[in-house]
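> Dropping the sequence and predicted coords here.
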Amino acid sequence: MPTREATKTWVVTSPRSRHPRMHGETVPIFTKFSNGMDYPGDPSGSSDQTAGCSCTMSVDLPGGKLPLMEQSQGGPTVRQRWDVPDDMSDEAVEALEEIDTLGLRTKGWDTDGEIEFEAFEKLHGGFNGTYRRGSDHQRPKISMAKAGDSPRHTMAHEVGHHFDRHFHLSGSVMETTEWNRVRAAIEGSNATRKLKAKLVAEMGRTTPDPEIIRYCSYLLQPQEQWARAFAQYVSVNTQGARGEGMWRHELKKLQFVSKRWFIQWQDDDFDDIAGEMNRLFDHLRSKGLM
């Protein structure tokens, strides 16, 4: 085993965590934490350590914290309601139509121009889509690659980022029981556990691949997990007979890739997450926020 100046730190994400005293505990990368686990959700841990655990961990490598991948900065019809440019693909617009149909457009998005949309032949870095949060003087922006893969899921994913920004979900500003249950379901899923295991396994190699570590770390960011869950929720709840088959086709492609990278959840692995998202959306509607 190589000698490396690398560490991992246990991060508690919920006030109801089973591991409140573990928050901030830092150990060498190849050393178990004080509870005997290699990482949060480690299946070698006892059920009272792993059941419902929503903790995560950060990783420090030689030379400082590994930078995560950053997103690029970069009636009326659906296009009119969302103020979408004419060159945006029909498939991407279908995603916006489905979000409307499912009632997932929150109060405060009703003003034309809430989100700025733009379409390019290709996006920097090979992204299919990006979301820019915006500022006091600049609208949030969703950019889409015209020829990108899975355009429906990509658009729903980026709108998921805007939903997150609107409620500050992944930043824990909106600490509600319903949101914490969604986080717990995501963290307790097989896909998340396997992705964490893949990250730890790669870090344990004699010569770890920094790109694999970078990508796994990126996928484990709460805001990325929420956006992927939002897109899959839209997909599995698609109501339009014409679009349902195409949504399903895109999801199946992503689920096939996920057998290696765990980008999306397999159907049975997503059931609990979808159920908790239903409760969250019902809660928001009861407060007049959707």
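Nice, I can see it. Numbering: from 1, shown residues only.

> Which secondary structure element is home to Glu114?
Under DSSP states H and E, no helix or strand contains Glu114.

> From Asp149, how far out is it?
27 Å (Cβ to Cβ, to the nearest Å). No exception for glycine: its C-beta is placed from N, CA and C like everyone else's.

> Same question for Asn190.
Asn190 sits 24 Å away from Asp149, going by Cβ to Cβ.

> Between these two, tell me which one has more neighbours.
Between Asn190 and Asp149, counted using other Cβ atoms under 10 Å, the more crowded position is Asn190 (15 against 12).

> For the stretch 151-290 of the chain, which residues score under the pLDDT cut-off?
Low-confidence segments of the stretch 151-290 of the chain (pLDDT under 70): 168-175, 239-245, 257-259, 261.

> And the helices in it, which stretches?
Remark: helices assigned in the stretch 151-290 of the chain by DSSP state H, counting those that start in this stretch are 151-167, 177-187, 190-203, 210-219, 222-236, 241-261, 267-286.

> Indicate which one of the ones you listed is closest to Met22.
Checking those against Met22 by Cβ to Cβ gives helix 177-187 as the closest, at 14.3 Å.

> So what touches that closest one?
13-14, 16, 40-41, 52-56, 169, 192, 222, 225-226, 229, 272-273, 275-277, 279-280, 283 (Cβ atoms under 8 Å, 6 or more residues apart in numbering).

> Strands of the stretch 51-200 of the chain, start to end?
Using DSSP state E, counting those that start in this stretch, the strands found in the stretch 51-200 of the chain span residues 56-61, 64-65, 116-120, 129-132, 141-145.

> Can you add distance to Met203, mean neighbour count and mean pLDDT and give these back as CSV?
Formatted as CSV, the strands of the stretch 51-200 of the chain follow (distance: least, Cβ to Cβ, whole Å; neighbours: other Cβ atoms under 10 Å; pLDDT from 0 to 100):
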stretch, distance to Met203, mean neighbour count, mean pLDDT
strand 56-61, 7, 18, 68
strand 64-65, 14, 10, 41
strand 116-120, 35, 18, 87
strand 129-132, 28, 23, 88
strand 141-145, 32, 23, 88
